[in-house]
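A.B. asks: Any chance you can model this:
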Amino acid sequence: MNLVVGPFLRKPHEQSDRHFSMYAASKRVDDCLRLIMKTGVLGLTDTTATLGLNLTYLVGANVVVTNDRQSFTITVKSQQVNFFMTGCLIQDTFHNILNPTQPGYLISLNRQLINTSDDLIETLYAQL
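C.D. replies: Numbers count the residues shown, from 1 in each chain. Model (predicted):
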């Protein structure tokens, strides 16, 4: 089982104080998406909490990601707008025919394919 670790803070007695960075959060979201595209439902289950934490930081609103088998829901609550977005995992049939030992999955959110964190954040900002 793969474990994706979310953001962390250094202990106060250490001299260099690290801050969260948008680049690191975006990279963690990309890592989560790659894991989901490689492992499917297992990757989605493993990364929902990490996706929610990092998207909350990147978008600036409360983001909760939940999943149920092949589908998932992203709930966004901000001061101005509250909305839900549903998505699903799709087996990449062409890829799976060419590579039967390494199945691949596609991520669809509101009828759009999501490949990177930029695609995901753009889709969320379109609703905000």
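A.B. asks: From the rest of the structure, what touches the helix or strand of the chain with the lowest mean pLDDT?
C.D. replies: The helix or strand of the chain with the poorest confidence is helix 93-98; it has a mean of 90 (mean pLDDT, DSSP states H and E). With contact meaning Cβ atoms under 8 Å, 6 or more residues apart in numbering, helix 93-98 is reached by 103-104. Quick note: C-beta positions are derived from backbone N, CA and C, even for glycine.
A.B. asks: Following element in sequence after that helix, please.
C.D. replies: The first helix or strand that comes after helix 93-98 along the chain, using DSSP states H and E, is strand 105-109.
A.B. asks: Pull out the buried residues from that next one.
C.D. replies: 105-107, 109 (16 or more other Cβ atoms under 10 Å).
A.B. asks: And the average pLDDT for the next helix-or-strand element following that strand is what?
C.D. replies: As assigned by DSSP H and E, the chain's next helix or strand after strand 105-109 is strand 112-114. Strand 112-114 shows a mean pLDDT of 94.
A.B. asks: swap in stretch 68-85?
C.D. replies: 92.
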